[in-house]
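J.: Turn this into a structure:
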Amino acid sequence: MDAQIILRIKPELTSYLHEFDDCFGRSQTRGHLRAYVQGQLSDLPRKSIEPMADAADIPPRTLQEFLSLSRWDEQRLRDRLQQRVAAHYAHEHSVGIIDESSFVKKGDKTACVQRQYCGAVGKRENCVVSVHLGYATPDPRGFHALLDGEPFVPEETWGQDRDRCHAAGIPDDVGHRTKHQMALEQYRRAVGNGVRFRWLTFDEFYGRSTVFLRELDALGQDYVAEVPVNFHVWTQPPEVLHRRHARDLTRPGRRRKYPRLKVKHNPTIPVENVARYSPLMREQPWVKYQVKDGSKGPMVWEVKHLRVYLKDEQGLPAGGGRAYHLLVARNVLDPDEIKYFISNAAESTPVSTLLLVAFSRWKIERMFEDSKMELGLDHFEVRAYQAIQRHLILSCLSHLFLAEFQQRHAGDADGGEKRWGVDDQSDRHHDPQAGAAVAERPPLFPRLGPAAQPAVGSHAAAQQQGRPQPPQADHPQAAQDRRVSQQGTQVSMVEVIAL
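T.: The predicted model follows:
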């Protein structure tokens with residue numbers, strides 16, 4: 001990073017924060033926003049309130065009150081953030097990613113804390129869990145940012161104990177919501193602010209809920225959902241009876257409801273058994289796809305594909321009997337690692353496109369990693385619910401600035417654009433054992449070059465099925481040559497603190 005770029009950071013941050021002035025009623029509070037964001041962007045080893053306040057030469061109590069007591073509209077700030085992303089980073093192949101993060105905490109006074117599974121340590125631990133919505137556009141120069149985040153209120157330990165909620169500052173209108181409900185509310189809020197997602201993807205925790213999938217279907221949103229091994233489907237549509245027969249009128253007992261399944265209908269089957277025993281699957285060959293091209297080698301998975309049918313809340317075929325995509329993906333380097341994906345995309349959608357969307361969830365993991373390592377997302381030491389909520393939104397704000405700065409100043413080292421898609425390896429002489437399966441984490445700030453302004457476009461059109469699909473990616477050898485030319489230097493956050 002040269003001196004000219006360093007000097008450009010301060011005015012860019014000032015201009016960026018001015019976009020959110022109307023979220024704060026007083027100039028003093030706006031000054032506290034700048035101190036908080038600068039503290040998150042700094043190279044402080046610990047980015048909790050006290051060291052950030054010391055670095056800004058203000059009393060720690062000031063930043064504590066900024067999060068917990070000061071009057072400013074964090075919901076409007078979140079809306080402004082999402083509207084900014086919608087206005088400047090709309091993309092016809094954008095992907096929304098739903099995931100959660102966790103923060104280890106001691107004691108029982110912090111809002112929403114309880115002993116539960118904590119992904120940060122990979123086991124049950126006393127922690128706070130938050131649900132997030134991320135936004136990503138495809139490479140090259142892919143843009144990704146966190147759009148939303150909220151703490152999850154556990155039902156038994158918090159939702160049913162209003163006295164404890166009042167002590168932790170949880171408002172009366174904030175009660176227990178399932179993580180699926182929180183994800184749907186975040187999705188609807190982002191869409192209401194102009195964000196359009198061509199795709200939505202999430203892990204098997206969210207994919208296991210057929211209610212959640214039906215809600216997305218009703219909203220017209222295409223998704224690629226990872227599902228657990230015991231997720232049930234039909235491989236053939238069951239026969240549905242829509243009206244009574246004459247013999248039913250003379251049958252004693254309760255009258256049957258219609259439409260209903262025929263008494264002797266084919267049962268649903270877990271996707272694991274479909275992959276193992278279904279003749280429709282066993283007759284298919286495994287087809288290799290290069291999902292991602294990392295610096296340690298290509299990530300290659302082999303896939304089988306089948307059209308299946310889901311069950312709705314009444315036990316009938318969902319979507320009026322429409323067929324869904326079932327992908328069974330197996331890691332070439334570890335054949336015991338098998339993933340199952342369900343998608344409601346149009347029938348003509350290529351498997352390569354579905355697979356690319358399914359494996360794009362790593363981007364939100366990268367967002368979490370950047371936010372925790374660079375911004376101190378998990379360094380908060382406040383206890384009140386509103387303070388935690390505001391910290392999560394301010395972390396989204398700081399992350400968006402980093403994403404925009406990178407987007408503007410990253411150099412085009414490859415001299416061209418890589419097309420979006422997954423490499424189909426079925427007709428190539430490719431060694432599936434070449435390289436490692438997981439790509440190395442690239443730096444948050446790559447080597448900087450000539451400035452390039454982000455694309456500005458209008459909001460994407462409403463989601464429709466059957467739209468044109470993206471082309472396939474380049475040959476692996478060309479991607480490998482380009483990868484060597486793209487290797488950059490990690491930029492220290494010490495240079496960023498030139499603020």
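J.: quick one, phi/psi of Lys304?
T.: As for Lys304, its main-chain torsions (degrees, to the nearest 10) stand at phi -120, psi 150.
J.: any idea how far Gln236 is from it?
T.: 17 Å (C-beta to C-beta, to the nearest Å). Using the backbone N, CA and C atoms, a C-beta is placed for each residue, glycine as well.
J.: Looking at those two, which is more packed in?
T.: Neighbours per residue (other C-beta atoms under 10 Å) separate Lys304 from Gln236, with Lys304 holding more: 21 against 12.
J.: distance of the more buried one from Pro335?
T.: Using C-beta to C-beta, which is the criterion applied here, Lys304 is 13 Å from Pro335.
J.: With Thr268 instead?
T.: Going from Thr268 to Pro335 by C-beta to C-beta gives 26 Å.
J.: Mind checking which of the two has more residues around it?
T.: Thr268 (18 against 10).
J.: Can you give me every residue that contacts that one?
T.: Contacts of Thr268 were listed using C-beta atoms under 8 Å, 6 or more residues apart in numbering, and they are 232-234, 311.
J.: Just grab the bridge partners of Leu306 for me.
T.: Beta bridges link Leu306 to Leu326, judged by DSSP bridges.
J.: That one touches Ser278, doesn't it?
T.: Yes - between Leu306 and Ser278 there is a contact at 7.4 Å, judged by C-beta atoms under 8 Å.
J.: residues shared between the contacts of those two?
T.: The contact sets of Leu306 and Ser278 overlap at Thr235 (C-beta under 8 Å, 6+ apart).
J.: distance of His265 from Gly315?
T.: Taking C-beta to C-beta as the measure, His265 falls 10 Å from Gly315.
J.: How about Val224?
T.: Between Val224 and Gly315 the distance is 25 Å, computed by C-beta to C-beta.
J.: Look at the two and report which has more neighbours.
T.: For Val224 versus Gly315, neighbours defined as other C-beta under 10 Å are more numerous around Val224 (27 against 11).
J.: Next, the buried residues of the helix ranked longest in the chain.
T.: Among the segments of the chain that qualify as a helix by DSSP state H, the longest is helix 385-409. Applying a neighbour-count criterion of 16 or more other C-beta atoms under 10 Å, one finds 385-407, 409 buried in helix 385-409.
J.: With stretch 293-306 instead?
T.: Neighbour counts over stretch 293-306 (16+ other C-beta under 10 Å) mark 293-294, 297-306 as buried.
J.: Now the phi/psi pair for Gln40, please.
T.: Backbone torsions of Gln40, given as degrees, to the nearest 10, read phi -70, psi -30.
J.: contacting residues around Tyr324?
T.: The contact partners of Tyr324, taken as C-beta under 8 Å, 6+ apart, are 233, 307-310, 342-344.
J.: same deal with Cys118?
T.: Per C-beta under 8 Å, 6+ apart, neighbours of Cys118: 102, 104, 124-125, 127, 129.
J.: The same query, at a cut-off of 7 Å, please.
T.: 102, 104, 124-125, 127 (C-beta atoms under 7 Å, 6 or more residues apart in numbering).
J.: how many neighbours does Arg276 have?
T.: Neighbour number of Arg276 under other C-beta under 10 Å is 11.
J.: how near is Glu185 to Val227?
T.: 22 Å.
J.: can you check Arg141 too?
T.: 32 Å.
J.: which helices and strands does the helix or strand Leu216 falls within pack with?
T.: Element membership for Leu216, per DSSP states H and E: helix 210-218. Contacting helix 210-218 under the criterion 3 or more C-beta pairs under 7 Å, 6 or more residues apart in numbering; DSSP states H and E is no other helix or strand.
J.: which residues touch it?
T.: So helix 210-218 is contacted by 180, 184, 200, 206, 223, 225, 310-312, 318-319, 344 (C-beta under 7 Å, 6+ apart).
J.: Which of those sits closest to His91?
T.: Distance to His91 across those (C-beta to C-beta) is lowest for Leu200, with 14.1 Å.
J.: Just the CA atoms of the host helix or strand of that closest one, as PDB, please.
T.: Taking DSSP H and E as the criterion, Leu200 maps to strand 199-202. C-alpha atoms of strand 199-202 as PDB (Å, rounded to 0.1, in the frame of the first residue of the first chain):
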ATOM      1  CA  TRP A 199     -30.000 -17.400  -5.000                       C
ATOM      2  CA  LEU A 200     -30.200 -18.200  -1.400                       C
ATOM      3  CA  THR A 201     -28.200 -21.000   0.300                       C
ATOM      4  CA  PHE A 202     -27.800 -22.300   3.800                       C
END
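J.: hang on, the earlier thing: please pick the buried ones from the contacts of Tyr324.
T.: By neighbour count, with 16+ other C-beta under 10 Å, the contacts of Tyr324 hold 233, 308-310, 342-344 as buried.
J.: Filter those down to the ones in strands?
T.: Using DSSP state E, the members of the buried ones among the contacts of Tyr324 that fall within strands are 233, 308, 342-343.
J.: How far off centre is the helix or strand where Val291 lies?
T.: Under the criterion of DSSP H and E, Val291 resides in strand 287-294. Mean C-alpha position of strand 287-294 versus that of the full chain (C-alpha atoms, centre = their mean, to the nearest Å) differs by 21 Å.
J.: what packs against that strand?
T.: Here strand 287-294 touches strand 297-308, helix 351-358, strand 423-424, helix 476-485, going by 3+ C-beta pairs under 7 Å, 6+ apart.
J.: can you state the direction angle for that strand and helix 351-358?
T.: Here the directions of strand 287-294 and helix 351-358 differ by 40 degrees (axes from the mean of the first three to the mean of the last three C-alpha atoms, to 10 degrees).
J.: Sheet partners, orientation included, of strand 287-294?
T.: In the sheet, strand 287-294 lines up against strand 297-308 (antiparallel), strand 423-424 (antiparallel) (DSSP bridges).
J.: before we move on, the earlier item: rounded mean pLDDT for the longest helix of the chain, please.
T.: Computed over helix 385-409, the mean pLDDT rounds to 94.
J.: Among the buried ones among the contacts of Tyr324, which one sits closest to Leu13?
T.: Of all the buried ones among the contacts of Tyr324, Ser343 has the smallest distance to Leu13: 40.0 Å, by C-beta to C-beta.
J.: list the contacts for that closest one?
T.: 223-224, 324-325, 354.
J.: Report the secondary structure state of Glu369.
T.: Recorded secondary structure, Glu369: helix (DSSP: H, G, I helix; E, B strand; the rest coil).
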